[in-house]
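Student: here is my input; please provide its structure:
(chains A and B)
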Amino acid sequence: MQLLPGFRDFYPADCARRNYILDTWRAVCRRYGFVEYDGPVLEPIELYKKKSGGELVGQLFDFVDKGERHVALRPEMTPSLTRMVAARAKDFRKPLKWFCVPQFFRYEKQQRGRTREFYQLNADIIGEESPAADAELIALVIDVLRAFGFTENDFVVRLSSRTAWEDFFTARGGNPEDEYAFFQIVDKAERTPIEKTDALLSPFGIKAEEVLAFMRSKEPVAGLAQVVGDLTSRGLGAFVEIDYAVVRGLAYYTGTVFEVFDRGKNERALAGGGRYDNLLNLMSDGKTNLPALGVGMGDVVLANLINDVPAAREKLEAALTNGRPCDVYVIIAKEELRGEALKLVQSLRDAGQEVDYSLTPAKVGKQFQTAEQLGASKAVLVGDEWPQVKVKDLATREERLVAADSLWRE
RNA sequence: GUGGCCGUAGCUCAACGGUAGAGCUCCAGAUUGUGGUUCUGGCUGUUGCGGGUUCGAAUCCCGUCGGUCACCCCA
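Tutor: Numbers count the residues shown, from 1 in each chain, chains lettered A, B, ... in the order given. Model prediction:
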């Protein structure tokens, strides 16, 4: 049987790498005062149709369940999160700083950095309109990446603002209801021939050259200036750049938006996010109105970049050596003592040691070899010396005799 | 979804019309109470799948499934 396209098996070595990423995400989020939450993997399809915007709806893994409900595997977290927050908005002190490490499903053609199933760190700050929140969230993203061993030479946060584009549009007589259509054109302007952009923009009476000129400007608009200032105060200024070419596809973004790219431009976007100040209001039919912003960072592109950057790869490999199968290997040299050896294994495990041993009779040399291969640091040999055992340090090859019934104390 | 390239042992690949091979891994032995080296031996394949051309197909052709790259979009 073949795997479904875009889905992954996680053998122990893969699982260790995945967990290294998820563990690092969680550790840095907690350092920033974020708390973890989660929601359902399966949701009614309406949840996503309501607000996500065209792209994601077309990529849904959806089906009709046995109760004839039309459901979809989650492709993103924001709709579930906004529902959860709207339902109990008064229960939580503002601002909320919540994170989640969900597995997402998107029906796309798979490619480097893009699978049909992936993990994504989601972090959101809800209930704070100040740009200080934007800065805090972006600082979190930067520090998450630094925790993997990346520096300002490896990645950059491209900062932009939908508000800036809104102002640009309305100042030239654009109608607010055409805004999203305009954003879509701007989003693609960088990689579209200028004549075509001109044609697309003509209904709005705007010239492609104006758009491209604004895109190239590095002048931070009001909100962004504070974000950049905050990040600079933290010593993180080198990680961000103003780049109005970033617009983002999702319909619900309102103010600050950003995307994170590797400097080498070998990979897809590492992370992306922004403000969605109106979404809570929309999702709750006006009952809850809280400003919000969030970020997503996927494990697939991140793993690729870790592999691209030697320092990050070494950091990962070093972390993996802590994930050895066992620390102590008990060698049974005399089969008559197997019962005693099992008792010893049990006492060591009760004491919290990671212990393994041969389930079936094996030559002593073979057992030592297995101890090596499992990465044990010590071998405990149960044999002629009983009731004492030989404890051998597998790195230094030093041996000493210890009474079996006091070994657990070490 | 559209187009280019690719699918051979668990892994990396060779053979490119004439009997499917190598390295690594794995298993066993040298070494019946002492280990990552070395040496020796061994296992593993409907050459992704289906059809066609041919005396003969892993090799050429068509289809299909999967991978990959580009477009698209983004994590």
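
Student: residues from the stretch 151-300 of chain A in reach of RNA strand B?
Tutor: A:187-188, A:191, A:248-250, A:259-260, A:268-273, A:296-298, A:300 (C-beta under 7 Å from any atom of the strand). For every residue, glycine as well, the C-beta is placed using N, CA and C.

Student: do the stretch 301-410 of chain A as well
Tutor: A:301-302, A:333-334, A:363-366, A:368-369, A:371-373, A:381, A:383-385, A:390, A:392, A:394-395, A:397, A:399.

Student: could you pull up the residues touching the residue in the stretch 1-150 of chain A that RNA strand B sits nearest to?
Tutor: Closest approach between the stretch 1-150 of chain A and RNA strand B, counting by C-beta to the nearest atom of the strand: A:Arg112, at 2.6 Å. Contact analysis of A:Arg112 by C-beta atoms under 8 Å, 6 or more residues apart in numbering lists A:267-268, A:304.

Student: if we use 7 Å, what do you get?
Tutor: A:Asn304 (C-beta atoms under 7 Å, 6 or more residues apart in numbering).

Student: buried subset of the residues of the stretch 151-300 of chain A next to RNA strand B?
Tutor: Buried subset of these (neighbour count, 16 or more other C-beta atoms under 10 Å): A:187, A:248, A:250, A:259-260, A:268-273, A:296-298, A:300.

Student: which ones among the residues you listed are found in helices?
Tutor: Those of those mapping onto helices are A:187, A:300, per DSSP state H.

Student: give me the buried entries from the residues of the stretch 301-410 of chain A next to RNA strand B.
Tutor: With neighbours counted using 16+ other C-beta under 10 Å, these contain these buried positions: A:301-302, A:333, A:368, A:371, A:381, A:383, A:390, A:392, A:394.

Student: what's the closest non-adjacent residue to the residue in the stretch 251-400 of chain A positioned nearest to RNA strand B?
Tutor: The nearest approach of the stretch 251-400 of chain A to RNA strand B comes at A:Asp384, 2.1 Å away (C-beta to the nearest atom of the strand). Excluding its sequence neighbours, the residue lying closest to A:Asp384 (C-beta to C-beta, 6 or more residues apart in numbering) is A:Lys334, at 6.9 Å.

Student: isn't that neighbour up against A:Val389?
Tutor: No: A:Lys334 is beyond contact range of A:Val389, at 11.4 Å (criterion: C-beta atoms under 7 Å).

Student: in the stretch 151-300 of chain A, what residue is nearest RNA strand B?
Tutor: Nearest to RNA strand B in the stretch 151-300 of chain A, going by C-beta to the nearest atom of the strand, is A:Gly249, at a distance of 1.6 Å.

Student: list phi and psi for that residue.
Tutor: Backbone torsions of A:Gly249, given as degrees, to the nearest 10, read phi -80, psi -30.

Student: swap in A:Val355?
Tutor: The phi/psi pair for A:Val355 (degrees, to the nearest 10) is phi -120, psi 140.

Student: isn't A:Leu159 right up against A:Ala225?
Tutor: No: A:Leu159 is beyond contact range of A:Ala225, at 10.5 Å (criterion: C-beta under 7 Å).

Student: mind exporting the helix or strand hosting A:Ala225 as PDB, just the C-alpha atoms?
Tutor: A:Ala225 is part of helix A:222-233, with elements assigned from DSSP states H and E. Extracted in PDB, the C-alpha atoms of helix A:222-233 (Å, rounded to 0.1, in the frame of the first residue of the first chain):
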ATOM      1  CA  ALA A 222       2.500  55.100  11.600                       C
ATOM      2  CA  GLY A 223       1.800  51.700  13.100                       C
ATOM      3  CA  LEU A 224       4.800  50.000  11.600                       C
ATOM      4  CA  ALA A 225       7.100  52.700  12.900                       C
ATOM      5  CA  GLN A 226       6.300  51.700  16.500                       C
ATOM      6  CA  VAL A 227       6.600  48.000  15.700                       C
ATOM      7  CA  VAL A 228      10.100  48.500  14.200                       C
ATOM      8  CA  GLY A 229      11.000  50.800  17.200                       C
ATOM      9  CA  ASP A 230       9.900  48.200  19.700                       C
ATOM     10  CA  LEU A 231      11.900  45.400  17.900                       C
ATOM     11  CA  THR A 232      14.900  47.700  17.700                       C
ATOM     12  CA  SER A 233      14.800  48.300  21.500                       C
END
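
Student: mind giving me the packing neighbours of that helix?
Tutor: In this structure, helix A:222-233 makes packing contacts with helix A:131-147, strand A:155-161, strand A:240-242, strand A:256-262, judged by 3 or more C-beta pairs under 7 Å, 6 or more residues apart in numbering; DSSP states H and E.

Student: same for the longest one, what does it pack against?
Tutor: Helix A:131-147 is packed against helix A:12-31, strand A:117-126, strand A:155-161, helix A:222-233, strand A:256-262, strand A:292-298, with contacts defined by 3+ C-beta pairs under 7 Å, 6+ apart.

Student: the last one now?
Tutor: Strand A:256-262 sits against helix A:131-147, strand A:155-161, helix A:222-233, strand A:271-275, with contacts defined as 3+ C-beta pairs under 7 Å, 6+ apart.
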